[in-house]
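Student: Requesting a structural model of the entry that follows:
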Amino acid sequence: MAERIRIGYKRLFEVRLLHHYWLDFGAANFDSLPEARKTKLLLTYDCRKFISIQPSKTTESKLKALNGIFKNTALGLVVAVPETAIISDDEVFTFILTITEPDFYTYTSLTFINHKIVELYYPAKDKILRFKENIPVFTNLTGVSRVLNGEKLLFLSKEIPTPDANDKVEFLNITAGALVQLTSDQPGAAFQQIAASAAGMPLFINQKDTPPLIPPAGLSGNPENGILLSPEIPDHVFGLIHISANNPTDPDFSCTTARHVKASFPVFQLRFKNRSAFWKYLNKNTGAEVTESTAALPLTSSGNAGVNKRKPSEQAVKVKYQNNDPTKRILKIFAEIFE
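Tutor: Prediction:
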C-alpha cells in the first residue's frame, strides 16, 4: 500500500471588508446592534457584490512557493499555508482592490476624491512613470486597534486625524474625543458628530489611508499622494492591502511568531462608512421642495434613518456646488425623495 502524506493547513490571516451601508440598520451602527440582528445581517452580506480582491502576481508566486492558499469569502479574504511553513519576518503579501458595482460610489463615503492618473517622463530611466492620486494603502504595520463590545478588533486603517484647514467634504476627524465628519468642503466647512466617543466606534477608512508619494530621485511634478502604477496594478485600482508577516511593535498585528504560523491567526478589518446626505422631500407632481432634514442622515440598505418618512435610493444622491460650479467647493450632499 502506497504511503500517504497528510499536510495540515493553518490560516495565516484573514481580512474582512465590512461596509456599513449593508450592515447598519437605519441610524443604528452595526456594532451597537443586538447579536441576533448582527448575525442576521452578516448572513446576507457579501462584499463580492461590490468589490474584487485579488493577490498581486508577486504574491501569487509567493503563495505558490509556500504551497499556500488564497480564498475570496463573503466577508473578504483568507490566506492559509501548511502548518510547517517557514515564513520570513519581512515577507509581505499584497492584494489589489477594484470596485465592481457602479452604485458603490453613491452610497459610500469619501468617494468624491479625485483619482487622476498622472504620467511623467523620468529622464534617469528614459521612461514614462504613471501615478494614480489618492489611492489608499492599508497595512498591518500602521493599523490601529479598537476594543468594541469587549473584543479587540484589528483595523488596517490609520488613526483618524484631528481637523485640518484643507479638509474636504466627508473627511473624518476626531475633535475633543468625538468622531466628526464634514458635510461640506473647507473653508468654513459644516460638520456633524457621528459619535460622542471615537474610541467606541469602529475605525473607518479615512483620508489618512492615502500615503504621501515618495517619487524616484530627480523626478518633479509628481502628485503629493497616491501610488506608482505598475504592470501588476491596473489603472482602475481602488486600493491596496499590504499584509506583513511580522509586526515588530504589536504581536497582535503579526501573522507569524518565530517565522511560523501563529496558533491564533489575526483577523484584520477594513470598514467602509456609508454616505450621509440631507434628505430632501419633493412633491412628485410639481417637483417643488416640501421639506428637508435638518441633519445629514445615513444611507442604509436595511432600516430607515428617516424614521416614518420614506428613505432615498442609493441612486438619488446629488451634490450642491458653490455657484453651481463643479470645480468649486461642495456645499452639501443631498438625496431627493419624491412623495
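
Student: how would you label residue 106: helix, strand or coil?
Tutor: State at residue 106, reduced to three classes by DSSP: H, G, I helix; E, B strand; the rest coil: helix.

Student: wait, doesn't it sit right on residue 275?
Tutor: Yes. Assessed by C-beta atoms under 8 Å, residue 106 is found in contact with residue 275 at 7.1 Å. C-beta here means a position set from N, CA and C on the backbone, and glycine is covered the same way.

Student: Quick check: residue 59 is in a strand.
Tutor: No. Looking at residue 59 with three-state DSSP, it is helix, so not inside a strand.

Student: and it, what pLDDT?
Tutor: pLDDT, residue 59: 98.

Student: which ones are touching it?
Tutor: 70, 93-95 (C-beta atoms under 8 Å, 6 or more residues apart in numbering).

Student: tell me which of the residues you listed is nearest to residue 30?
Tutor: residue 95 (23.3 Å; C-beta to C-beta).

Student: And that closest one, how far from residue 177?
Tutor: According to C-beta to C-beta, to the nearest Å, residue 95 stands 33 Å off from residue 177.

Student: neighbour count winner among these two?
Tutor: residue 95 (21 against 11; other C-beta atoms under 10 Å).

Student: before we move on, which element is that one in?
Tutor: Here residue 95 sits within strand 92-99, counting by DSSP states H and E.

Student: could I have that strand exported to CSV, CA atoms only?
Tutor: The C-alpha trace of strand 92-99 is given here as CSV (Å, rounded to 0.1, in the frame of the first residue of the first chain):
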residue,chain,number,x,y,z
VAL,A,92,4.7,41.0,2.5
PHE,A,93,1.6,39.9,0.8
THR,A,94,-0.2,42.4,-1.5
PHE,A,95,-3.8,42.4,-2.6
ILE,A,96,-5.5,44.7,-5.2
LEU,A,97,-8.9,46.1,-4.6
THR,A,98,-11.1,47.1,-7.5
ILE,A,99,-14.8,48.2,-7.4
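
Student: That one: partners in the sheet, and parallel or antiparallel?
Tutor: strand 51-55 (antiparallel), strand 239-244 (antiparallel) (DSSP bridges).

Student: now it, how far from the chain's geometric center?
Tutor: 12 Å (C-alpha atoms, centre = their mean, to the nearest Å).

Student: same question for it, mean pLDDT?
Tutor: Mean predicted lDDT for strand 92-99 stands at 98.

Student: Okay, buried residues for that strand please.
Tutor: By 16 or more other C-beta atoms under 10 Å, the buried positions in strand 92-99 come out as 92-97, 99.
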